[in-house]
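Q: Curious how this folds, go ahead:
(one chain, ligands or ions: 1)
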Amino acid sequence: MSLKLIEKRRSFGGEQCKYTHYSELLQCEMTFSIYLPSNKEKKPIPLIWWLSGLTCTDDNFSQKSGFQRLAEEYQVAVMIPDTSPRGEHVADDEAYDLGQGAGFYLNATQEPWAKHYKMYSYIAEELSAIAKSLIPHFSGKESMMGHSMGGHGALVVGMKNKERFRAISAFAPILSPSKIPWGLKAFSTYLGDDKEAWKAWDASELIKEAGMPPILITQGTEDEFYPKHLDETYFLKNAQENNAVVQYEKAEGYDHSYFFIATFLEEHFAFHKNHLR
Ligand SMILES: N[C@@H](CCC(=O)N[C@@H](CSC=O)C(=O)NCC(=O)O)C(=O)O
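A: Below is the predicted model of the structure:
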(Lines give C-alpha, C1' and ligand atoms only; values in the text may rest on other atoms or scores of the structure.)
Protein backbone atom coordinates (compact mmCIF):
# COMPACT_ATOMS: atom_id res chain seq x y z
CA MET A 1 0.00 0.00 0.00
CA SER A 2 1.49 3.33 -1.13
CA LEU A 3 -0.81 5.55 0.96
CA LYS A 4 1.02 8.73 1.99
CA LEU A 5 -0.30 11.55 4.22
CA ILE A 6 0.88 14.80 2.63
CA GLU A 7 -1.12 17.38 4.59
CA LYS A 8 -2.97 17.49 7.91
CA ARG A 9 -4.71 20.59 9.25
CA ARG A 10 -6.90 20.99 12.32
CA SER A 11 -10.28 22.44 11.39
CA PHE A 12 -13.20 22.99 13.79
CA GLY A 13 -11.66 20.42 16.14
CA GLY A 14 -11.33 17.64 13.57
CA GLU A 15 -8.57 16.94 11.03
CA GLN A 16 -8.59 17.79 7.32
CA CYS A 17 -6.14 15.31 5.74
CA LYS A 18 -4.79 15.02 2.20
CA TYR A 19 -3.34 11.75 0.92
CA THR A 20 -1.71 10.43 -2.22
CA HIS A 21 -1.61 6.78 -3.27
CA TYR A 22 -0.98 4.65 -6.32
CA SER A 23 -4.30 3.37 -7.64
CA GLU A 24 -4.08 -0.15 -9.08
CA LEU A 25 -7.47 0.33 -10.71
CA LEU A 26 -6.70 3.66 -12.36
CA GLN A 27 -3.03 2.85 -13.00
CA CYS A 28 -1.86 6.26 -11.78
CA GLU A 29 -1.03 8.31 -8.70
CA MET A 30 -4.15 9.78 -7.07
CA THR A 31 -4.84 12.43 -4.45
CA PHE A 32 -7.85 12.64 -2.13
CA SER A 33 -8.89 14.51 1.01
CA ILE A 34 -10.71 13.17 4.04
CA TYR A 35 -12.12 14.99 7.05
CA LEU A 36 -12.12 13.13 10.35
CA PRO A 37 -14.24 14.69 13.11
CA SER A 38 -12.82 14.94 16.64
CA ASN A 39 -15.04 12.12 17.96
CA LYS A 40 -14.24 13.02 21.56
CA GLU A 41 -16.92 10.60 22.76
CA LYS A 42 -15.49 7.68 20.73
CA LYS A 43 -18.88 7.02 19.10
CA PRO A 44 -19.49 5.22 15.76
CA ILE A 45 -18.76 7.64 12.91
CA PRO A 46 -20.64 7.50 9.58
CA LEU A 47 -19.17 8.56 6.23
CA ILE A 48 -20.47 11.03 3.65
CA TRP A 49 -18.82 11.00 0.22
CA TRP A 50 -18.53 14.27 -1.72
CA LEU A 51 -18.12 14.03 -5.50
CA SER A 52 -17.07 17.28 -7.19
CA GLY A 53 -17.89 18.69 -10.61
CA LEU A 54 -16.05 19.36 -13.87
CA THR A 55 -12.52 20.84 -13.53
CA CYS A 56 -12.38 20.18 -9.76
CA THR A 57 -9.87 18.38 -7.58
CA ASP A 58 -10.35 17.47 -3.92
CA ASP A 59 -9.45 21.09 -3.10
CA ASN A 60 -12.55 22.89 -4.41
CA PHE A 61 -14.99 21.48 -1.85
CA SER A 62 -12.33 21.39 0.88
CA GLN A 63 -11.40 25.05 0.49
CA LYS A 64 -14.61 26.75 -0.68
CA SER A 65 -17.63 25.12 0.98
CA GLY A 66 -16.82 25.44 4.69
CA PHE A 67 -18.13 21.89 5.20
CA GLN A 68 -15.72 21.17 8.08
CA ARG A 69 -17.88 23.09 10.61
CA LEU A 70 -20.87 20.89 9.74
CA ALA A 71 -18.90 17.64 9.64
CA GLU A 72 -17.60 18.34 13.15
CA GLU A 73 -21.02 19.43 14.42
CA TYR A 74 -22.70 16.31 13.00
CA GLN A 75 -19.69 14.05 13.78
CA VAL A 76 -19.40 12.55 10.30
CA ALA A 77 -16.30 11.75 8.25
CA VAL A 78 -16.24 13.20 4.72
CA MET A 79 -14.33 11.62 1.83
CA ILE A 80 -13.46 13.86 -1.15
CA PRO A 81 -11.98 12.06 -4.18
CA ASP A 82 -10.48 13.69 -7.27
CA THR A 83 -12.69 13.88 -10.39
CA SER A 84 -10.60 11.72 -12.76
CA PRO A 85 -7.37 9.81 -13.13
CA ARG A 86 -4.35 12.12 -13.52
CA GLY A 87 -0.87 12.21 -15.02
CA GLU A 88 1.11 12.83 -18.18
CA HIS A 89 0.63 9.18 -19.25
CA VAL A 90 -3.16 9.42 -18.80
CA ALA A 91 -5.38 10.27 -21.80
CA ASP A 92 -6.65 13.86 -21.77
CA ASP A 93 -8.48 16.43 -23.87
CA GLU A 94 -8.06 20.18 -24.21
CA ALA A 95 -11.72 20.82 -23.37
CA TYR A 96 -12.71 21.40 -19.73
CA ASP A 97 -15.57 18.90 -19.98
CA LEU A 98 -13.60 15.84 -21.14
CA GLY A 99 -10.57 13.92 -19.91
CA GLN A 100 -8.66 14.89 -16.78
CA GLY A 101 -10.99 16.68 -14.37
CA ALA A 102 -14.01 15.21 -16.15
CA GLY A 103 -14.07 11.47 -15.39
CA PHE A 104 -17.88 11.35 -14.98
CA TYR A 105 -17.62 8.64 -12.28
CA LEU A 106 -18.09 5.81 -14.78
CA ASN A 107 -15.97 2.96 -16.13
CA ALA A 108 -14.92 3.83 -19.69
CA THR A 109 -14.95 1.11 -22.32
CA GLN A 110 -13.47 3.03 -25.30
CA GLU A 111 -9.82 3.66 -26.16
CA PRO A 112 -7.74 5.57 -25.22
CA TRP A 113 -9.83 6.06 -22.05
CA ALA A 114 -10.54 2.51 -20.87
CA LYS A 115 -7.12 1.89 -19.30
CA HIS A 116 -7.37 4.67 -16.69
CA TYR A 117 -10.91 6.04 -16.61
CA LYS A 118 -12.55 3.71 -14.07
CA MET A 119 -13.70 6.27 -11.52
CA TYR A 120 -16.82 4.27 -10.61
CA SER A 121 -14.89 1.20 -9.48
CA TYR A 122 -12.20 3.38 -7.92
CA ILE A 123 -14.77 5.01 -5.64
CA ALA A 124 -17.04 2.04 -5.02
CA GLU A 125 -14.16 -0.38 -4.30
CA GLU A 126 -10.55 0.82 -4.02
CA LEU A 127 -11.08 4.17 -2.31
CA SER A 128 -13.86 2.71 -0.15
CA ALA A 129 -11.42 0.22 1.36
CA ILE A 130 -8.96 3.05 2.05
CA ALA A 131 -11.68 5.25 3.59
CA LYS A 132 -12.70 2.50 5.96
CA SER A 133 -9.10 1.98 7.06
CA LEU A 134 -8.73 5.70 7.86
CA ILE A 135 -11.87 6.25 9.96
CA PRO A 136 -11.46 5.17 13.58
CA HIS A 137 -14.77 3.81 14.96
CA PHE A 138 -16.38 3.71 11.47
CA SER A 139 -20.10 2.91 11.89
CA GLY A 140 -20.35 1.22 8.48
CA LYS A 141 -23.06 3.69 7.41
CA GLU A 142 -22.46 5.70 4.24
CA SER A 143 -24.18 8.22 1.99
CA MET A 144 -23.40 10.16 -1.19
CA MET A 145 -23.37 13.89 -1.93
CA GLY A 146 -22.11 15.82 -4.95
CA HIS A 147 -22.26 18.78 -7.29
CA SER A 148 -23.06 18.99 -11.01
CA MET A 149 -21.10 16.18 -12.74
CA GLY A 150 -20.41 14.98 -9.18
CA GLY A 151 -24.09 15.27 -8.28
CA HIS A 152 -24.79 12.86 -11.09
CA GLY A 153 -21.89 10.70 -9.89
CA ALA A 154 -23.38 10.63 -6.39
CA LEU A 155 -26.73 9.53 -7.83
CA VAL A 156 -25.15 6.82 -9.98
CA VAL A 157 -22.77 5.40 -7.36
CA GLY A 158 -25.51 5.60 -4.72
CA MET A 159 -28.21 3.98 -6.85
CA LYS A 160 -25.93 1.26 -8.22
CA ASN A 161 -25.24 0.35 -4.58
CA LYS A 162 -28.67 1.02 -3.14
CA GLU A 163 -28.28 -1.40 -0.23
CA ARG A 164 -25.05 0.28 0.84
CA PHE A 165 -25.74 4.03 0.58
CA ARG A 166 -28.52 5.23 2.88
CA ALA A 167 -29.16 8.60 1.22
CA ILE A 168 -28.07 10.68 -1.77
CA SER A 169 -28.08 14.45 -2.15
CA ALA A 170 -26.97 16.66 -4.99
CA PHE A 171 -26.44 20.33 -5.78
CA ALA A 172 -27.34 21.31 -9.34
CA PRO A 173 -26.74 17.79 -10.67
CA ILE A 174 -26.73 16.56 -14.23
CA LEU A 175 -29.82 14.33 -14.20
CA SER A 176 -30.21 13.00 -17.73
CA PRO A 177 -26.70 12.70 -19.22
CA SER A 178 -27.93 10.81 -22.29
CA LYS A 179 -29.98 13.87 -23.29
CA ILE A 180 -27.77 16.92 -22.51
CA PRO A 181 -24.58 18.27 -24.19
CA TRP A 182 -22.05 17.52 -21.38
CA GLY A 183 -23.36 13.96 -21.06
CA LEU A 184 -23.71 13.24 -24.79
CA LYS A 185 -20.08 14.25 -25.31
CA ALA A 186 -18.73 12.29 -22.33
CA PHE A 187 -20.83 9.15 -22.86
CA SER A 188 -20.12 8.87 -26.60
CA THR A 189 -16.40 9.36 -25.92
CA TYR A 190 -16.03 7.09 -22.88
CA LEU A 191 -18.73 4.49 -23.66
CA GLY A 192 -19.07 4.52 -27.46
CA ASP A 193 -22.14 4.95 -29.64
CA ASP A 194 -24.31 2.10 -28.31
CA LYS A 195 -26.89 4.04 -26.30
CA GLU A 196 -28.10 0.84 -24.62
CA ALA A 197 -24.74 0.71 -22.82
CA TRP A 198 -25.27 4.28 -21.56
CA LYS A 199 -28.31 3.30 -19.51
CA ALA A 200 -26.21 1.67 -16.79
CA TRP A 201 -24.59 5.08 -16.16
CA ASP A 202 -27.60 7.37 -16.45
CA ALA A 203 -29.40 8.47 -13.27
CA SER A 204 -32.69 8.91 -15.16
CA GLU A 205 -32.57 5.22 -16.11
CA LEU A 206 -31.34 3.91 -12.76
CA ILE A 207 -34.17 5.68 -10.89
CA LYS A 208 -36.63 3.37 -12.68
CA GLU A 209 -35.57 0.50 -10.41
CA ALA A 210 -37.46 0.03 -7.14
CA GLY A 211 -35.97 0.58 -3.70
CA MET A 212 -33.63 3.51 -4.33
CA PRO A 213 -32.27 5.51 -1.34
CA PRO A 214 -34.02 8.81 -0.48
CA ILE A 215 -32.76 11.68 -2.64
CA LEU A 216 -32.52 15.44 -1.99
CA ILE A 217 -31.69 17.82 -4.86
CA THR A 218 -31.22 21.60 -4.72
CA GLN A 219 -31.07 23.61 -7.97
CA GLY A 220 -30.44 27.36 -8.26
CA THR A 221 -32.77 29.30 -10.57
CA GLU A 222 -29.93 31.57 -11.83
CA ASP A 223 -27.54 28.69 -12.56
CA GLU A 224 -25.64 29.43 -15.79
CA PHE A 225 -25.81 25.74 -16.78
CA TYR A 226 -29.55 25.36 -16.09
CA PRO A 227 -31.57 24.00 -17.80
CA LYS A 228 -29.21 23.27 -20.74
CA HIS A 229 -27.13 20.66 -18.87
CA LEU A 230 -29.19 20.18 -15.73
CA ASP A 231 -32.78 19.72 -16.88
CA GLU A 232 -34.81 17.79 -14.31
CA THR A 233 -37.94 16.90 -16.33
CA TYR A 234 -37.16 13.33 -17.40
CA PHE A 235 -35.55 12.33 -14.10
CA LEU A 236 -38.47 13.61 -12.02
CA LYS A 237 -41.01 11.96 -14.36
CA ASN A 238 -39.26 8.60 -14.02
CA ALA A 239 -38.88 9.05 -10.26
CA GLN A 240 -42.57 9.78 -9.85
CA GLU A 241 -43.67 6.88 -12.07
CA ASN A 242 -41.54 4.52 -10.01
CA ASN A 243 -42.44 5.90 -6.56
CA ALA A 244 -38.88 6.99 -5.78
CA VAL A 245 -38.46 9.29 -2.77
CA VAL A 246 -37.08 12.48 -4.36
CA GLN A 247 -37.21 15.96 -2.84
CA TYR A 248 -36.36 18.45 -5.62
CA GLU A 249 -35.98 22.08 -4.48
CA LYS A 250 -35.45 25.26 -6.46
CA ALA A 251 -33.30 27.95 -4.81
CA GLU A 252 -34.38 31.39 -6.03
CA GLY A 253 -31.55 33.56 -7.37
CA TYR A 254 -28.68 31.13 -6.80
CA ASP A 255 -26.07 30.22 -9.43
CA HIS A 256 -23.84 27.14 -9.91
CA SER A 257 -20.99 28.22 -7.64
CA TYR A 258 -19.65 27.16 -4.27
CA PHE A 259 -21.42 30.23 -2.80
CA PHE A 260 -24.64 28.40 -3.64
CA ILE A 261 -23.34 25.11 -2.22
CA ALA A 262 -22.15 26.72 1.02
CA THR A 263 -25.59 28.30 1.51
CA PHE A 264 -27.53 25.02 1.37
CA LEU A 265 -24.92 22.63 2.77
CA GLU A 266 -26.36 22.60 6.29
CA GLU A 267 -29.74 21.44 4.96
CA HIS A 268 -28.00 18.64 3.06
CA PHE A 269 -25.92 17.58 6.08
CA ALA A 270 -29.08 17.45 8.23
CA PHE A 271 -30.76 15.28 5.57
CA HIS A 272 -27.80 12.88 5.56
CA LYS A 273 -27.49 12.80 9.34
CA ASN A 274 -31.16 11.75 9.56
CA HIS A 275 -30.49 8.74 7.34
CA LEU A 276 -27.15 7.82 8.87
CA ARG A 277 -28.38 7.40 12.44
N1 LIG B 1 -16.40 27.48 -17.37
C2 LIG B 1 -15.85 26.67 -16.33
C3 LIG B 1 -16.67 25.43 -16.26
C4 LIG B 1 -16.29 24.56 -15.11
C5 LIG B 1 -17.21 24.68 -13.93
O6 LIG B 1 -17.99 25.58 -13.77
N7 LIG B 1 -17.10 23.69 -13.07
C8 LIG B 1 -17.95 23.62 -11.91
C9 LIG B 1 -18.68 22.32 -11.96
S10 LIG B 1 -19.62 22.24 -13.45
C11 LIG B 1 -20.24 20.66 -13.52
O12 LIG B 1 -19.72 19.66 -13.25
C13 LIG B 1 -17.11 23.74 -10.65
O14 LIG B 1 -17.42 23.18 -9.63
N15 LIG B 1 -16.02 24.51 -10.76
C16 LIG B 1 -15.06 24.67 -9.70
C17 LIG B 1 -15.32 25.80 -8.75
O18 LIG B 1 -14.55 25.90 -7.77
O19 LIG B 1 -16.28 26.58 -8.92
C20 LIG B 1 -14.40 26.41 -16.63
O21 LIG B 1 -14.02 26.44 -17.79
O22 LIG B 1 -13.62 26.15 -15.70
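Q: measure the spatially most central residue of the chain to the ligand for me?
A: Closest residue to the average C-alpha location of the chain: L51 at 2.3 Å, with Cα atoms, centre = their mean. According to Cβ to the nearest ligand atom, to the nearest Å, L51 and the ligand sit 10 Å apart. Just so you know, the C-beta spots here come from the backbone N, C-alpha and C atoms, and that holds for glycine as well.
Q: Next: E73.
A: On the measure of Cβ to the nearest ligand atom, E73 and the ligand end up 23 Å apart.
Q: ok, how many other residues are close to that residue?
A: 15 (other Cβ atoms under 10 Å).
Q: Could you do K199 as well?
A: Per other Cβ under 10 Å, the neighbour tally for K199 reads 13.
Q: Wait, it touches E209, no?
A: No - the pair K199 / E209 is not scored as a contact, 11.0 Å apart, by Cβ atoms under 8 Å.
Q: For this protein, which segments count as strands?
A: 4-11, 14-23, 28-36, 45-51, 77-80, 138-147, 165-171, 215-220, 246-251 (DSSP state E).
Q: okay if I get those strands as CSV plus distance to Y190 and mean pLDDT?
A: Formatted as CSV, the strands of the chain follow (distance: least, Cβ to Cβ, whole Å; pLDDT from 0 to 100):
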stretch, distance to Y190, mean pLDDT
strand 4-11, 29, 98
strand 14-23, 17, 98
strand 28-36, 16, 98
strand 45-51, 16, 99
strand 77-80, 22, 98
strand 138-147, 18, 98
strand 165-171, 20, 99
strand 215-220, 24, 99
strand 246-251, 26, 98
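Q: Which one of those strands lies nearest to A95?
A: strand 138-147 (19.3 Å; Cβ to Cβ).
Q: Give me the distance between the two termini of stretch 154-170.
A: 7 Å (Cα to Cα, to the nearest Å).
Q: By proximity to the ligand, which residue of the stretch 101-250 of the chain wins?
A: S148 (2.8 Å; Cβ to the nearest ligand atom).
Q: count of residues packed around that residue?
A: 25.
Q: OK, contacts around it?
A: Residues near S148 by Cβ atoms under 8 Å, 6 or more residues apart in numbering: G53, L54, F171, A172, P173, I174, F225, L230, H256.
Q: Using TSV, lay out those residues together with distance to K250.
A: Formatted as TSV, the contacts of S148 follow (distance: Cβ to Cβ, whole Å):
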residue	distance to K250
G53	19
L54	22
F171	12
A172	11
P173	13
I174	17
F225	15
L230	12
H256	14
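Q: Can you give me every residue that contacts P136?
A: Contacts of P136 by Cβ under 8 Å, 6+ apart are L36, N39, I45.
Q: Would you mind listing what in the stretch 101-250 of the chain touches the ligand?
A: Proximity of the stretch 101-250 of the chain to the ligand (Cβ under 6 Å from any ligand atom) is limited to residues H147, S148, M149.
Q: try 8 Å
A: Residues of the stretch 101-250 of the chain lying close to the ligand (Cβ under 8 Å from any ligand atom) are A102, H147, S148, M149, G150, G151, A172, I174, W182, E224, F225, H229.
Q: I am finished for the moment; much appreciated.
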